[in-house]
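Enquirer: sequence and predicted structure are below.
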Amino acid sequence: MSRSAEQIRDEWVTDLLPTGKWARGEGSNLSRFLLAFAVPLAGLEEDIEGLRAEISPRDASALLSDYEAVLGPDPCGRDVGDLSIAQRRSLAFQRWVASSGVSRAFFKRLAEAAGVTIEIVEPELPVHGPSRCGVQRCGTTSLRFTWIVRLPNHSTGLECPMRRLAPADTTLVFDYEDDA
C-alpha cells in the first residue's frame, strides 16, 4: 500500500531529524521543505502500487499490449480475430508461462492457465514372455516415449502449443472425453 506525501514527511521528521530545537510541527519551514521532496516519492509509490497487477499478463490491462508485443504473433494462430480482453489476457498468460519445462506437470499447468483440466498417461511397456526373432507380439520400446493426453473436447486449442513444446523424443496422442 502506497503512502501519502504527508505520511512520508512525518516518517522523515520522526525518524531522520535529530532531537533538539528543530521545529517539527506540520507548519514549520523544515516540514514544508521535506514535503516538497515527499510529493514525488509518494507519486512514485502510487505508480508502483498501480503496476502491481501488471506483473503477470493474466491480470494486466495497461501493459497487455506490451506483453503481446514481446511475445509476438502466436505460432499456432490463436490470436487472430476479435478477441475480448479476457481472451487476450488468457492467451498471453498461456504463452508467458509456456517457456519453462517439458514435464507432465508443466503441461498440466499450461492447460490450467487456459482454464482446462487435463490428464496425461504414459503407457506401461508390455512384457509378456519370450519373443521370437522378427516378430512383434505386444508392443515396442517406442511406447516409452508416448504420452496420451486426455482433453475434455476438441475446442481447447491446446494441441498445437503442446506439440510445439513437447520433448523431441515424445509422441503426443490426444484422447477427447466428448468422443467417448
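Expert: Sure, I can see it. Numbering: from 1, shown residues only.
Enquirer: distance of Lys108 from Leu151?
Expert: Here the criterion is CB to CB, to the nearest Å. By it, Lys108 lies 12 Å from Leu151. C-betas here are computed from N, CA, C, even on glycine.
Enquirer: identify the contacts common to those two.
Expert: With contacts defined as CB atoms under 8 Å, 6 or more residues apart in numbering, the residues adjacent to both Lys108 and Leu151 are Ile118.
Enquirer: ok, those two, which is more surrounded?
Expert: When Lys108 and Leu151 are compared for neighbours, Leu151 comes out ahead with 22 against 16, by other CB atoms under 10 Å.
Enquirer: that one bridge partners, please.
Expert: Listed by DSSP bridges, the beta-bridge partners for Leu151 are Tyr176.
Enquirer: need the contact list for it.
Expert: For Leu151, counting by CB under 8 Å, 6+ apart, the contacting residues are 116, 118, 158-159, 174-177.
Enquirer: what about 6 Å?
Expert: 118, 174, 176 (CB atoms under 6 Å, 6 or more residues apart in numbering).
Enquirer: export those residues to a markdown table and tack on distance to Gly27 and pLDDT?
Expert: Putting the contacts of Leu151 into a markdown table (distance: CB to CB, whole Å; pLDDT from 0 to 100) gives the following:
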| residue | distance to Gly27 | pLDDT |
| --- | --- | --- |
| Ile118 | 65 | 93 |
| Phe174 | 72 | 94 |
| Tyr176 | 73 | 93 |
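Enquirer: can I have the buried ones of these as a ChimeraX selection?
Expert: Buried residues among those (16 or more other CB atoms under 10 Å), as a ChimeraX selection:
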select :118,174
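Enquirer: going by distance to Glu54, which of the contacts of Leu151 wins?
Expert: Distances from Glu54 to those, taken as CB to CB, are shortest for Ile118 (28.7 Å).
Enquirer: that closest one is in contact with Ala111, isn't it?
Expert: Yes. Counting by CB atoms under 6 Å, Ile118 touches Ala111, with 4.3 Å between them.
Enquirer: got the buried residues for stretch 31-45?
Expert: Neighbour-count burial for stretch 31-45 [16+ other CB under 10 Å]: 31, 34-35, 38, 42, 45.
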